[in-house]
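[1] please work out how this folds:
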Amino acid sequence: MLQISLACCLRSSEDLLGFLFPLHVAKAAMARKSTIALTTEEWTELFGVDMMPLKDCGIGTITHSKEFEPYVSSMSAALRCTIAEKEQGGRWKKPWTQLLSYVSTHHEESTTAIESVLGAIVRSDHRRLEELQCCLDDDGVDVMMMAKALIAISDSII
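    Numbers count the residues shown, from 1 in each chain. Prediction:
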């Protein structure tokens, strides 16, 4: 199941698996996390710059919600030079890209995941992106928002 693989490649996988799945499924997934998690190559194949969702499945609803606004603001601030670029800025305007970028900030290999989604990250944004990731880790994942994001993303490509 794609949702399990997505949850396993995130830094807060245990919390997400426990929220999304029955306890026995979450425990089994955590025991095999390294083999279940999407690799960076698989992430790029599924969510790279050239990939688009087959259907919306709530992506627009999530990205336009008041609850998601703070995430868009913090990601926009961290990636301000990147999204000022023509190509990356055009991609950033899409709800699909914003939601994938949100999930990417929680990815075990977050910089690589975000680069896959946006195409590139301007070097001057790397430090701000690292600071954002530290803040996110300190605050902990918003399990409800992340669960909605994982469900919408997985339902949109299958």
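
[2] and the spatially closest residue to T63 that is not a sequence neighbour, what pLDDT?
    Among residues not flanking T63 along the chain, P95 sits closest, at 4.0 Å (C-beta to C-beta, 6 or more residues apart in numbering). Every residue, glycine included, has its C-beta placed from N, CA and C. Per-residue confidence (pLDDT) for P95: 96.

[3] so how far is D138 from P95?
    Plainly put, P95 is 27 Å away from D138 if you go by C-beta to C-beta, to the nearest Å.

[4] who has more neighbours out of the two?
    Using other C-beta atoms under 10 Å, the more surrounded residue of P95 and D138 is P95, with 19 against 7.

[5] how close does the residue nearest to T63 get to P70?
    As for P95, its distance to P70 is 16 Å (criterion: C-beta to C-beta).

[6] likewise H24?
    For H24 relative to P70 (C-beta to C-beta), the value is 34 Å.

[7] give me the more crowded residue out of these two.
    Between H24 and P70, P70 has the larger neighbour count (other C-beta under 10 Å), namely 11 against 8.

[8] which parts of the one helix or strand the more buried one maps to are buried?
    Using DSSP states H and E, P70 sits within helix 69-78. Residues Y71, V72, S74, M75, A78 are the ones in helix 69-78 that count as buried (16 or more other C-beta atoms under 10 Å).

[9] report the contact partners of the second one.
    What that stands for is V72. V72 is in contact with T63, Q98, Y102, counting by C-beta atoms under 8 Å, 6 or more residues apart in numbering.

[10] what pLDDT is listed against it?
    On the pLDDT scale, V72 gets 96.

[11] quick check: the residue most central in space within the chain vs D50, distance?
    Centroid-nearest residue in the chain, with C-alpha atoms, centre = their mean: V103, separated by 1.3 Å. Taking C-beta to C-beta as the criterion, V103 is separated from D50 by 18 Å.

[12] on that earlier part again, in TSV: the contacts of V72, plus pLDDT, neighbour count and distance to Q3.
    Below are the contacts of V72 laid out as TSV (pLDDT from 0 to 100; neighbours: other C-beta atoms under 10 Å; distance: C-beta to C-beta, whole Å):
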residue	pLDDT	neighbour count	distance to Q3
T63	97	20	19
Q98	97	23	19
Y102	97	24	16
